[in-house]
Each structure stands twice: as structure tokens, then as C-alpha cells.
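Q: Got a predicted structure here, sequence first:
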Amino acid sequence: MFTSSPKVLVTGGTGYIGSHTVVALLEAGYDVYVVDNLSNSNIEVLNGIEQITGKRPIFENIDCTDYVAMDKFFTKHEGIKAVIHFAAK
Ligand SMILES: NC(=O)c1ccc[n+]([C@@H]2O[C@H](COP(=O)([O-])OP(=O)(O)OC[C@H]3O[C@@H](n4cnc5c(N)ncnc54)[C@H](O)[C@@H]3O)[C@@H](O)[C@H]2O)c1
């Protein structure tokens with residue numbers, strides 16, 4: 001059983017499907033992290049997510065194919081329990 005909100009990473013979380021998933025996760029009480037390189041989305045999407053949910057996911061502009069950057073991400077943000085992978089490329 002979780003003692004605090006479970007942490008979930010959504011890659012491609014500012015994209016079409018990812019952003020809707022982020023909204024659903026935030027509304028369900030998850031602590032949501034987004035990794036996106038904004039190659040096919042806009043940072044303004046985060047404002048829309050915040051307007052809908054009243055919460056802003058933690059965002060990092062990272063290319064998921066960058067192993068070193070992703071390794072640093074998981075070191076910086078400990079305790080992520082699940083990853084939903086929508087980053088397309
Ligand atoms: N939209 C659909 O109907 C549909 C149907 C079936 C499968 N899919 C798959 O679902 C996934 C998401 O689809 P979508 O429609 O939301 O696409 P999308 O392009 O709107 O979202 C993908 C997001 O991933 C980001 N991204 C791409 N490559 C990245 C990388 N290397 N590192 C970090 N971020 C990266 C983009 O900036 C974008 O925000 C894709 O893999 C797509 O093929 C989509």
C-alpha cells in the first residue's frame with residue numbers, strides 16, 4: 001500500500017494521447033512526471049493541464065533516446081513506480 005501519492009512517469013506527456021493520460025492520472029491522485037522533447041508538442045500544453053486539473057505535472061525536456069539524460073532523470077526523481085511510454089520517436 002502506498003503511503004503517499006504514487007509517482008508515475010508519462011513519456012510524451014505533452015502530446016495528444018499523453019496529455020489526456022496526464023489529466024486522468026492527476027485527477028486520480030497520482031503524482032505525475034512528464035518527459036517530452038517537445039518535438040511534436042508545445043510547452044503550453046502544461047498550462048492547459050493545470051487549468052483542467054488544478055495541478056501541474058513535473059516536466060523535464062529530455063529526449064527519451066538519451067540514455068544518460070534518462071538515467072539522470074531517474075536518479076533525480078526517485079521512487080517512480082510506473083512508466084507509461086507515449087514518446088513516439
Ligand atoms: N493518436 C493515435 O490515434 C494513436 C494510435 C495508435 C498508437 N499511437 C501511438 O501512441 C503514441 C502517442 O501518440 P500521439 O498521437 O499522442 O502522438 P504525439 O506526437 O501527439 O505525442 C508524442 C509526444 O512524444 C514526444 N516525443 C516524440 N519523440 C520523443 C523522444 N524521443 N523523447 C521525448 N519525447 C518525444 C512528442 O514531442 C510528443 O509530445 C505514439 O507512439 C503513436 O504511434 C497513437
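A: Cool, the structure landed.

Q: Phi, psi for the residue of the chain at minimum distance from the ligand please.
A: Among the residues of the chain, residue 15 lies closest to the ligand, at 2.0 Å counting by Cβ to the nearest ligand atom. For every residue, glycine as well, the C-beta is placed using N, CA and C. Backbone geometry at residue 15, expressed as degrees, to the nearest 10, gives phi -80, psi -170.

Q: Roughly how far does it sit from residue 22?
A: According to Cβ to Cβ, to the nearest Å, residue 15 and residue 22 sit 10 Å apart.

Q: ditto for residue 49
A: Residue 49 is 6 Å from residue 22, by Cβ to Cβ.

Q: Quick one: neighbours of the residue of the chain closest to the ligand, just the number.
A: The local packing of residue 15 (other Cβ atoms under 10 Å) involves 23 other residues.

Q: need the contact list for it.
A: Residue 15 sits next to 36, 40-41, 86-88 when contact means Cβ atoms under 8 Å, 6 or more residues apart in numbering.

Q: Tell me the pLDDT of residue 4.
A: Confidence at residue 4, expressed as pLDDT, is 80.

Q: and what of the one 5 residues further on?
A: Note for residue 9: predicted pLDDT of 98.

Q: which bits of this protein sit near the ligand?
A: 11-12, 14-18, 35-41, 63-65, 86-89 (Cβ under 6 Å from any ligand atom).

Q: now with 5 Å?
A: 12, 14-17, 36-37, 39-41, 63-65, 86-89 (Cβ under 5 Å from any ligand atom).

Q: Report the buried members of those residues.
A: Burial by neighbour count, judged by 16 or more other Cβ atoms under 10 Å, picks out 12, 14-15, 36-37, 41, 64, 86-87 from these.
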